[in-house]
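Peer 1: Starting from these lines, generate the structure:
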Amino acid sequence: MAYEMYSCGISISTYFLDPNNYTDIVRSGLCIAYLVVFILDLAEASHILLIILICATFYRGITYFSLFASTRYMVYLIKEVVIDMKAFLVILIYSTLGFAVLFMAMDVFDGNPKSFLEYMEMSYNLDLGNYDAFEDNVRRVMVVSATVISMVIMFNLLISILGDTFGRVQGEME
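Peer 2: Sure thing, here's the model as predicted:
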């Protein structure tokens with residue numbers, strides 16, 4: 001925290017131009033919040049804060065690999081892939097939600113609904129290619145549809161996005 005304040009004090013106008021400094025500020029705030037919550041013995045909140053803090057620290061740790069010439073390209077490639085995947089992730093999440101709602105609607109009409117999180121888990125597992133055997137033909141058609149849309153089409157789209165990003169980044173590096 002002291003180093004962040006020192007860096008900001010040296011040149012406040014350039015300090016906030018680097019997005020990594022925002023991550024460092026958030027990490028510092030999370031450390032202080034975690035310390036306070038830990039001292040107050042709020043177990044559930046401390047676990048959540050610790051998980052968020054570890055994720056932010058892991059992200060920042062990956063960015064430190066850009067200091068080395070041998071890993072700088074990979075860090076830049078990861079950053080560009082994440083940026084290019086935003087639209088893909090929106091469509092994937094939407095299709096996952098859509099199939100969860102479809103499965104929920106089928107179970108509501110059958111009279112045995114579950115929680116929405118269970119349907120999301122079922123739909124997410126279908127995205128990954130894991131599914132339970134279904135006994136009726138309507139659910140079998142839904143599983144085949146979800147498999148074709150999520151696994152075949154969406155992940156081939158992801159592979160093409162990754163290939164395009166790789167080619168663009170490699171061209172920029174040359």
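Peer 1: Any idea how far apart the tips of stretch 11-19 sit?
Peer 2: Stretch 11-19 has an end-to-end distance of 15 Å (CA to CA, to the nearest Å).
Peer 1: Can you give me the buried ones in that stretch?
Peer 2: residue 15 (16 or more other CB atoms under 10 Å). For every residue, glycine as well, the C-beta is placed using N, CA and C.
Peer 1: Need the mean per-residue confidence for that stretch.
Peer 2: The average pLDDT within stretch 11-19 is 77.
Peer 1: Which SSE is immediately downstream of the longest helix along the chain?
Peer 2: Counting residues, the longest helix in the chain under DSSP state H turns out to be helix 86-110. Toward the C-terminus, helix 86-110 is succeeded by helix 116-128 as the next helix or strand (DSSP states H and E).
Peer 1: ok so, going back, what's the angle between the longest helix of the chain and helix 116-128?
Peer 2: 120 degrees (axes from the mean of the first three to the mean of the last three CA atoms, to 10 degrees).
Peer 1: How about helix 86-110, which residues are buried there?
Peer 2: For helix 86-110, a neighbour-count test (16+ other CB under 10 Å) marks 88, 92, 95-96, 99-100, 102-104, 106-107 as buried.
Peer 1: Considering these, which is situated nearest to residue 168?
Peer 2: residue 88 (15.5 Å; CB to CB).
Peer 1: Turn the buried residues of helix 86-110 into JSON lines, columns for pLDDT and distance to residue 174.
Peer 2: Output for the buried residues of helix 86-110, formatted as JSON lines (pLDDT from 0 to 100; distance: CB to CB, whole Å):
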{"residue": "88", "pLDDT": "89", "distance to residue 174": "26"}
{"residue": "92", "pLDDT": "88", "distance to residue 174": "32"}
{"residue": "95", "pLDDT": "89", "distance to residue 174": "36"}
{"residue": "96", "pLDDT": "89", "distance to residue 174": "38"}
{"residue": "99", "pLDDT": "87", "distance to residue 174": "42"}
{"residue": "100", "pLDDT": "89", "distance to residue 174": "44"}
{"residue": "102", "pLDDT": "87", "distance to residue 174": "47"}
{"residue": "103", "pLDDT": "84", "distance to residue 174": "48"}
{"residue": "104", "pLDDT": "88", "distance to residue 174": "50"}
{"residue": "106", "pLDDT": "82", "distance to residue 174": "53"}
{"residue": "107", "pLDDT": "81", "distance to residue 174": "54"}
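Peer 1: circling back: who are the packing partners of the longest helix of the chain?
Peer 2: On a contact count with 3 or more CB pairs under 8 Å, 6 or more residues apart in numbering; DSSP states H and E, helix 86-110 meets helix 116-128, helix 137-146, helix 155-173.
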